[in-house]
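K.L.:
Here is my input, please return the structure:
(one chain, ligands or ions: 1)
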Amino acid sequence: MGWTFEIPIWGITLIFLSGIGLLFIWAWFNNKIEELNSEQEPKFLNYTEDEFDNILYKWEYELNYDDKYSPTNFTPFCPDDNCILHYGKCPICNRNFNRYFKDNSELEKIVIHKIQNDLIEESEIKN
Ligand SMILES: [Zn+2]
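P.N.:
I've put the predicted structure just below:
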């Protein structure tokens, strides 16, 4: 003789509703954690491109040994075509940008200066 028991409709409904309730709580909780994580990330990490002396530069940030972010991997682009420069020239419009070039350490200093002095325009921060 096997065990059988009947679950009243209200019981099934209750289980179903509490399951949905738990799902909502979990989703809300997850959302809160994501919000907190994004708030902790410094806003300047979204400042990854800017134009200096007619050249559009894009870069990344790396966390260095003393746990500070520093801009790195600067890549020069043609500001008109948004194309990576090839030996200082734009492969699309053939403009030569060699005389406007800045080296990485100079660019790093300019970017850090803009970050530290809060000179970043809202429009320069990617979302
Ligand atoms: Zn170009």
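K.L.:
if I look at residue 33, how far off is the ion?
P.N.:
Distance, residue 33 to the ion, using C-beta to the ion, to the nearest Å: 43 Å. Backbone N, C-alpha and C define where each C-beta goes, glycine included.
K.L.:
Regarding residue 93, what are the backbone dihedral angles?
P.N.:
Main-chain torsions, residue 93, degrees, to the nearest 10: phi -100, psi 0.
K.L.:
Tell me, how many residues neighbour it?
P.N.:
Using other C-beta atoms under 10 Å, residue 93 has 10 other residues around it.
K.L.:
For my notes, confirm residue 75 occurs in a helix.
P.N.:
No. Residue 75 sits outside any helix when classified using DSSP: H, G, I helix; E, B strand; the rest coil, being strand.
K.L.:
Touching, it and residue 57? I think so.
P.N.:
Yes. With contacts counted by C-beta atoms under 8 Å, residue 75 reaches residue 57, the gap being 6.8 Å.
K.L.:
For the two, indicate the residue with more neighbours.
P.N.:
residue 57 (21 against 12).
K.L.:
In which helix or strand does that one reside?
P.N.:
strand 55-63 (DSSP states H and E).
K.L.:
for residue 71, same thing?
P.N.:
In this assignment (DSSP H and E), residue 71 forms part of strand 69-78.
K.L.:
how about low-confidence regions in the protein?
P.N.:
1-3, 35-40, 122, 125-127 (pLDDT under 70).
K.L.:
show me where it has helices.
P.N.:
Secondary structure of the chain by DSSP state H: the helices cover 9-40, 104-116.
K.L.:
Which elements pack onto the last one?
P.N.:
Helices and strands touching helix 104-116, as assessed by 3 or more C-beta pairs under 8 Å, 6 or more residues apart in numbering; DSSP states H and E, comprise strand 49-52, strand 55-63, strand 69-78.
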